[in-house]
Each structure stands twice: as C-alpha cells, then as structure tokens.
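A.B. asks: dropping a prediction and its sequence here:
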Amino acid sequence: MNYDNIRALVVGLGSMGKRRIRCLQALGVKSIHGFDQRADRGAEAAAKYGVPTHIDFESALAAAQPTVLIISVPPHVHHTYMKAALAARIPFFVEASVVDTDMVSIIEQAERAGVFGAPSATMVFHGGVRLIKETLASGSLGKLSNITEESFG
C-alpha cells in the first residue's frame, strides 16, 4: 500500500503518541507532525523521530494540513479532539477509551459528516482473549454458567 498522500497529525506525544509515530514511520508515512501542550514531549519526539512538533493545536492543524488525526491523549480529553477532527472533516484514530463522554453524539456526527473514526481495538487481537473465545466456543469446558471478574489496582 502507498502511504505517500497521508499527512498525519499525532495528538499527544506521551508513550502512545510516540509509538504511533514509530508505527506510521514503519508504514512509510512521510508527513508526520506531532502536537503536545508539553514542550518537553514535543522536543523529545522531534529529536527521536525527526518530526515537526507543535504546542498549539490550531497551529499544528495549520502546519500539518492532516489527512488523518491520531488521538493519543488521556481518555478524559479524547472527545475534545474527536470533535475537532469532525469539525475539520478529518478521519481519526483514537486510543482505547475508558470514558464515553459525548460518544453517542460523536458517532452520530461522524455518520452525518461521513468522517471515518476508528477506535483502538487492541483486545480484539490479544492472543489470550482469542484463546478464551476459542475455548468457550469449542464447548470443551462444558456449558458456560457464570463469569467472575476481578479488578486490581
């Protein structure tokens, strides 16, 4: 696949944003900009990956002219950047979220505007989750009668 026409703006340059830059570079995407309000994160991403970085979102949009937004900020602000992507009619990828702020509205807006939004679905591809699904589907353990879930931390 040819990625020459993709212009990506990675929003958030913490560990996940930097990982997304590496992924885009591995795919051959040449035009990648980064945005983070923290200048130290921008400086690190610029030094490590050779991408232009910005500390102001509007300036980042203007400079990058993105064809895709990669949203890698903390979950409580995912909706802010999804809405910005929708307003600018830019397709977006967003990290897996643990909050659903304005999600129904965002989905409706995306459908109306014809803007593609892709949430991370890492667990769909997780080997352990796939094994559990296959084991349950095989019936080798008998009929499923209940599930216990525990959360630590």
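C.D. replies: Nice, thanks for sending it over.
A.B. asks: show me where the protein has helices.
C.D. replies: Applying DSSP state H to the chain gives helices spanning 15-27, 39-49, 57-64, 78-88, 103-113, 122-125, 127-138.
A.B. asks: tabulate the ones you listed (a markdown table), appending mean neighbour count.
C.D. replies: Backbone N, C-alpha and C define where each C-beta goes, glycine included. Putting these into a markdown table (neighbours: other C-beta atoms under 10 Å) gives the following:
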| stretch | mean neighbour count |
| --- | --- |
| helix 15-27 | 16 |
| helix 39-49 | 15 |
| helix 57-64 | 16 |
| helix 78-88 | 19 |
| helix 103-113 | 13 |
| helix 122-125 | 9 |
| helix 127-138 | 10 |
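A.B. asks: Serialize these to a markdown table and add fields for distance to Ile70.
C.D. replies: Below are the helices of the chain laid out as a markdown table (distance: least, C-beta to C-beta, whole Å):
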| stretch | distance to Ile70 |
| --- | --- |
| helix 15-27 | 5 |
| helix 39-49 | 12 |
| helix 57-64 | 11 |
| helix 78-88 | 10 |
| helix 103-113 | 16 |
| helix 122-125 | 14 |
| helix 127-138 | 24 |
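A.B. asks: so what's the spatially closest residue to Ile106 that is not a sequence neighbour up against?
C.D. replies: Nearest non-adjacent residue to Ile106, counting by C-beta to C-beta, 6 or more residues apart in numbering: Met82, 5.1 Å away. Residues in contact with Met82 (C-beta atoms under 8 Å, 6 or more residues apart in numbering) are 71, 92, 94, 106, 117.
A.B. asks: what number of residues lie near the nearest residue to the third one once chain neighbours are set aside?
C.D. replies: Right, Val94. Taking C-beta to C-beta, 6+ apart, and ignoring the residues beside it in sequence, Val94 has Ile71 as its nearest neighbour in space, at 4.2 Å. Around Ile71 there are 27 other residues, counting by other C-beta atoms under 10 Å.
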